[in-house]
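Student: Test case, fold it:
(2 chains)
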Number of protein chains: 2
Amino acid sequence: MLNKIKRLLIGRPMKSTEIEEEKLSKFKALAVLSSDALSSVAYGTEQILIILMAAGFAAIWYSIPISIAVLGLLTVLIFSYRQTIFAYPKGGGAYVVAKDNLGVSIGLMAGGSLLVDYILTVAVSSSAGTDAITSAFPSLHEHRVLIALTMILFLTIMNLRGITESASVLALPVYLFVFAIFVLIISGVIKYISGGGHAEVPELGTAVSNISWFLLLKAFSSGCSALTGVEAVSNAIPNFKQPAERNAAATLMMMGTILGAMFIGISLLAYWYGITPAPKETVVSQIAANTFGRGILYYFIQGTTALILFLAANTAYSAFPLLAFMLAKDKYMPHMFMVRGDRLGFSNGIIFLGVLSALLVILFQGHTENLIPLYAVGVFIPFTLSQLGMMVRWVKLRPAGWLIRFIVNTIGMFTTLAITLIFILTKFNQVWMIFIFLPIVIFLFFQIHRHYLNIADELRIDMDEEKPVIKGSTIVVPVAGITRVVMNSLSYAKSLTNHVVAVYVGFDDEDIARMEKKWEEWNPGVRLITLRSSYRSIIRPLMRFIETVEWKTSETDHITILIPQFITRHWWHYFLHNQTGLLLRAYLFNHKDVVIATVPYHLHK
Amino acid sequence: MLNKIKRLLIGRPMKSTEIEEEKLSKFKALAVLSSDALSSVAYGTEQILIILMAAGFAAIWYSIPISIAVLGLLTVLIFSYRQTIFAYPKGGGAYVVAKDNLGVSIGLMAGGSLLVDYILTVAVSSSAGTDAITSAFPSLHEHRVLIALTMILFLTIMNLRGITESASVLALPVYLFVFAIFVLIISGVIKYISGGGHAEVPELGTAVSNISWFLLLKAFSSGCSALTGVEAVSNAIPNFKQPAERNAAATLMMMGTILGAMFIGISLLAYWYGITPAPKETVVSQIAANTFGRGILYYFIQGTTALILFLAANTAYSAFPLLAFMLAKDKYMPHMFMVRGDRLGFSNGIIFLGVLSALLVILFQGHTENLIPLYAVGVFIPFTLSQLGMMVRWVKLRPAGWLIRFIVNTIGMFTTLAITLIFILTKFNQVWMIFIFLPIVIFLFFQIHRHYLNIADELRIDMDEEKPVIKGSTIVVPVAGITRVVMNSLSYAKSLTNHVVAVYVGFDDEDIARMEKKWEEWNPGVRLITLRSSYRSIIRPLMRFIETVEWKTSETDHITILIPQFITRHWWHYFLHNQTGLLLRAYLFNHKDVVIATVPYHLHK
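Tutor: The predicted structure is shown next:
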């Protein structure tokens, strides 16, 4: 039953060899891996304008140079990540690059930061997508948590179905969004050039009295939130079709070009139309309304924007499980993140991400806006560490033409470092949490690592010296009466060794005498030892007896406790029997180094 | 930790031999077993007056003959239950008497009716006790469910501590109540005789125009609700000190005398003072106010009345577990109701009663008044059946003087039958549920019984013919690598038999080849079989392999699956390991008739 539901939702299990077919072509990869980055176009320009408006309307011309600076940073990031892809063709996320060049601790800092960030991504973008829906249908507002959770559930199931299938379903909205934004930009530019929509705007270079470098930097860092998500491609190289690194690099370049063009286009139109941020209408919505009026094309742009905001979460669904896999392979996260599920995805990572982000949504009741700066810092810390790692790498290896590459990464490093610092300085009250949970996550990584190393150490044997040793065997069979189950157990025990004792726990002398008499009559060829329990507990006297046997014979013999057990046909019959056998088993399992064997008897009635 | 809390609440465990000390003296028994019956004095007269008032104030004189009739019925019940005590010195509840004389089905009807009734008793009286408290402190009204649940919890814990201790704690309020009511009656009578408090009341025999036999019968049956609880003594004979039946009979007579005297006293005073039921003040409260004015004595009477109403639930706590024990002994209820707990009470019965009545209180949000008629019917059905059983018994056995006993029980039977019918006819809309749940309960009894008989049948062996048989043995050891745990398991397996195979499940050929090479190097003297899993499941290929082994060797050999297993030191380490061994064990346990043995290795780090 449960299995059928699983099959319906997830699909048939797939062979391990089918994994090559599951891998991504460039066009599917662009859909799966770029929704987070591309969706930032929906709010990037707006973030810059909001900060600039603090210095008055005259300052809005600064949005153009700032957008160009962001574009410059994007170019630096794209090229430096392109370098990473070729340097680390097996997947070069910040974790791998930082660990490889800067040591394990720094690597874990980058990895932990990204892991937490992916969870925030899912929570934040499912909430943002919900906001888009409830803006259109205000009556749904009270169900926002439920809607966000449904979105998370949908994404989780799609990703459990497998990469290719989720790519097929999710590619359409991504390409629709790109198409919609390009239509908007081209129409807007044509309209402007043909003389329409001109507004009174401050010219480039107009002097603004109360502008400061701090404000400009803050505006720049806010604009940089449009760059979150560009690292996704370099993490996900193992998901690409062969030749993986060439395909990944091409995908990265495509993504960078599209993102850059859309971002600068929106910024330019916003400036030309003299658009300022409004509390109830987004900048993109104002541009679209100015360009088309509120017709079909306007609603098409709004609809695809809402969709892509929601889908931004999907990038995290392909990045989180891969990063968790890499951390688990290095023994910093539980093994379970290494297991591929029925559909070849890392199911545990997908489910873990879904559950944690759902918890965040419930905890914040869908109001996750305050998490956005935290989320941006969580991206720029690993950006910086990754660039720094690449710098060290070039200095160490010095391949042909290393200097130019070193310079690219150095510029990238300083810019991302600066942005990280600006974020921390200007929005400390929203990002301080990272200084609490990042150390905790890293501490957990190290604890897990130590545990695995300890266990490996304890379980390792010297293959030349240590071989299986044959010893004697003593079998203890607790019996509650003379039944078919007991007979089966004794048959089994006698087949293995001559040292078999049956133990019976009685509550009074009468009871014990009766059992002893019956046993003698039956005469199964096994000695019966009877124990008297003054406190009506069966487990305690048995444990004492087993301890005595252990003390006497554990040097020469393996001791087995053989528990006769019948298994009822229906689960509800379970309540009709005092399952002393199961209790005894659980107790022994946790407390004693004796072998516990169960001879099951499946009831037919 | 949990154990310490348990000890604190319940007390130290007691030896089985201490049970004699736990038994009840007459005076403690009166406290434990009569609180239900005696508490009815608080509302019995009032119930009669409420019905009579339908025919006007002139009709209230009928309360005197009706009270005398109830007293007569009480006498009949007391004498007939006295007969039952001597006839069934091992406990003669309605279940035993009806089963013994009228057959199992009728017995189960009586037993099931009583069981459900005890649950209702606890729910109804804890709610009634709460009402008494919240009448005094209205601010507590919104916490009424919590208060009722706290009362149930308190009673459950007291009863888990053991009979004697709960008797010691609970005896005081019962005796205080009896004392208070007698002080009230004596003072009231003295006041009346000395000429005080006379009211204009209709004389006995006054003609009332609109009175009907139906109304009088209804008033009579309502008055009979004062008789619920008189059966408690005859159920509980095994709880008495020796000589149990003499002590029980004496306790029953004491209870009857006290109850009768209090009931008729209250009825008389109510008539003399011309008291009519008021919506906001009880009849007892009016009598007390008339007699003493609202001074200390008045509040003493009100306080002890509230206490006794609350304690009425305690009768059910001693009766339910005993009845459940008897039904379990006859295999109509789960065995677990036969187990005596640490303090020698039938803990499971006590806990079951507590949980179910708590659920009823939560379900009805403390408004359990509507359950009262249901509860009365639930008492009078077993009363009737028990009397009928005694009638049959006298006719069958015909001991000396049987005729007079037969007549006593016959009168009792017809009266209780009449009351049952009146209840069903006059309050059908409140008691119809009994026709639903009584058949369900009886059906469950029979299902449980059939299950136990089937199992006993299936497990029974012919002790002369069937003896343990020695066969060969094949041991299969699933291995995931070469570790200390695997070595221990192989040592164990090789000690038992020469037919040992290790099985390894690999995900690809490379993996399998590596394992085979390592195994050869180690050379543990055990053949390794490798399986290839295309779907990354370890369980499925293993199951297929085990099926093959079963098919080949199950005729000649016992098959054992030996699961190497390490046990982590802390429970949270559990999440760091994919517990395939536990999964495999659970799967095999439920699906296969092979022996499952676990060789545990307790990690030290």
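Student: domain ranges for chain A?
Tutor: A:34-452, A:472-602 (automatic domain parsing).
Student: Chain B: which of those domains is closest?
Tutor: Nearest of the domains of chain A to chain B, taken as C-beta to the nearest C-beta: domain A:472-602 at 3.7 Å. Quick note: C-beta positions are derived from backbone N, CA and C, even for glycine.
Student: so how far is the closest one from its chain's centroid?
Tutor: In terms of C-alpha atoms, centre = their mean, to the nearest Å, the gap separating the centre of domain A:472-602 from the centre of its chain is 47 Å.
Student: Dump stretch A:316-333 to CSV, restricted to CA.
Tutor: C-alpha atoms of stretch A:316-333 as CSV (Å, rounded to 0.1, in the frame of the first residue of the first chain):
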residue,chain,number,x,y,z
ALA,A,316,19.0,24.4,-3.9
TYR,A,317,17.4,21.0,-4.5
SER,A,318,20.1,20.1,-6.9
ALA,A,319,22.9,21.7,-5.0
PHE,A,320,22.2,20.7,-1.4
PRO,A,321,22.2,16.9,-1.9
LEU,A,322,25.4,17.0,-4.0
LEU,A,323,27.2,19.1,-1.3
ALA,A,324,25.9,16.8,1.4
PHE,A,325,27.1,13.8,-0.5
MET,A,326,30.6,15.3,-0.8
LEU,A,327,30.7,16.2,3.0
ALA,A,328,29.4,12.7,3.8
LYS,A,329,32.0,11.1,1.6
ASP,A,330,34.7,12.9,3.6
LYS,A,331,32.9,11.7,6.7
TYR,A,332,31.8,15.1,7.9
MET,A,333,28.1,14.3,7.5
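Student: in it, what counts as buried?
Tutor: Residues A:316-328, A:330-333 are the ones in stretch A:316-333 that count as buried (16 or more other C-beta atoms under 10 Å in any protein chain shown).
Student: Please, where are all the strands along the stretch 451-600 of chain A?
Tutor: Ranges of strands in the stretch 451-600 of chain A, per DSSP state E, counting those that start in this stretch, are A:472-478, A:500-506, A:527-532, A:557-567, A:595-602.
Student: now the ones you listed as CSV including mean neighbour count and distance to chain B?
Tutor: Converted to CSV, the strands of the stretch 451-600 of chain A look like this (neighbours: other C-beta atoms under 10 Å in any protein chain shown; distance: least, C-beta to the nearest C-beta, whole Å):
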stretch, mean neighbour count, distance to chain B
strand A:472-478, 22, 5
strand A:500-506, 21, 9
strand A:527-532, 15, 10
strand A:557-567, 21, 5
strand A:595-602, 22, 4
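Student: Tell me which of these lies nearest to A:His573.
Tutor: strand A:557-567 (9.4 Å; C-beta to C-beta).
Student: tell me what the closest one is packed against?
Tutor: Judged by 3 or more C-beta pairs under 8 Å, 6 or more residues apart in numbering or on different chains; DSSP states H and E, the packing partners of strand A:557-567 are strand A:472-478, helix A:484-496, helix A:539-553, helix A:580-591, strand A:595-602, helix B:484-496.
Student: These: lowest mean pLDDT?
Tutor: When mean pLDDT is averaged over each of the helices and strands packed on strand A:557-567, helix A:580-591 scores lowest at a mean of 80.
Student: Can you spell out which helices and strands pack onto that one?
Tutor: Helix A:580-591 packs on helix A:539-553, strand A:557-567, strand A:595-602, going by 3+ C-beta pairs under 8 Å, 6+ apart.
Student: want to throw those into a markdown table with distance to A:Tyr375?
Tutor: Formatted as a markdown table, those follow (distance: least, C-beta to C-beta, whole Å):
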| stretch | distance to A:Tyr375 |
| --- | --- |
| helix A:539-553 | 53 |
| strand A:557-567 | 51 |
| strand A:595-602 | 50 |
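Student: Give me whichever of the domains of chain A is most buried.
Tutor: domain A:34-452 (a mean of 20; mean count of other C-beta atoms under 10 Å in any protein chain shown).
Student: Now do that one: distance from first to last residue.
Tutor: 36 Å (C-alpha to C-alpha, to the nearest Å).
Student: Confirm A:Gly91 sits in a helix?
Tutor: No: counting by DSSP: H, G, I helix; E, B strand; the rest coil, A:Gly91 is not found in a helix; it is coil.
Student: Show the contacting residues for it.
Tutor: A:234-238, A:322, A:326 (C-beta atoms under 8 Å, 6 or more residues apart in numbering or on different chains).
Student: hmm, 6 Å instead?
Tutor: Contact partners of A:Gly91, counting by C-beta atoms under 6 Å, 6 or more residues apart in numbering or on different chains, are A:237-238.
Student: ok, now A:Gly223?
Tutor: A:44, A:47-48, A:66, A:70.
Student: Let me see the mean pLDDT of whichever strand or helix holds A:Asn101.
Tutor: Per DSSP states H and E, A:Asn101 falls inside helix A:94-102. In this model, helix A:94-102 carries a mean pLDDT of 91.
Student: what's the answer for stretch A:516-535, then?
Tutor: Here the average pLDDT along stretch A:516-535 is 90.
Student: Point out where the stretch 1-150 of chain A drops to low pLDDT.
Tutor: A:1-2, A:10, A:19-21, A:92, A:136 (pLDDT under 70).
Student: ok, 90 please
Tutor: Within the stretch 1-150 of chain A, the stretches with pLDDT under 90 are A:1-48, A:50-60, A:70, A:72-74, A:76-96, A:114, A:116-117, A:120-121, A:123-145, A:147-148.
Student: Now do the contacts for the residue in it that chain B sits nearest to.
Tutor: Closest approach between the stretch 1-150 of chain A and chain B, counting by C-beta to the nearest C-beta: A:Lys15, at 4.4 Å. A:Lys15 sits next to B:Ser534 when contact means C-beta under 6 Å, 6+ apart.
Student: quick revisit: who wins for proximity to B:Gly366 among the helices and strands packed on strand A:557-567?
Tutor: Among the helices and strands packed on strand A:557-567, helix A:580-591 sits nearest to B:Gly366 (C-beta to C-beta), with 37.1 Å.
Student: That's all I had, so thanks and see you.
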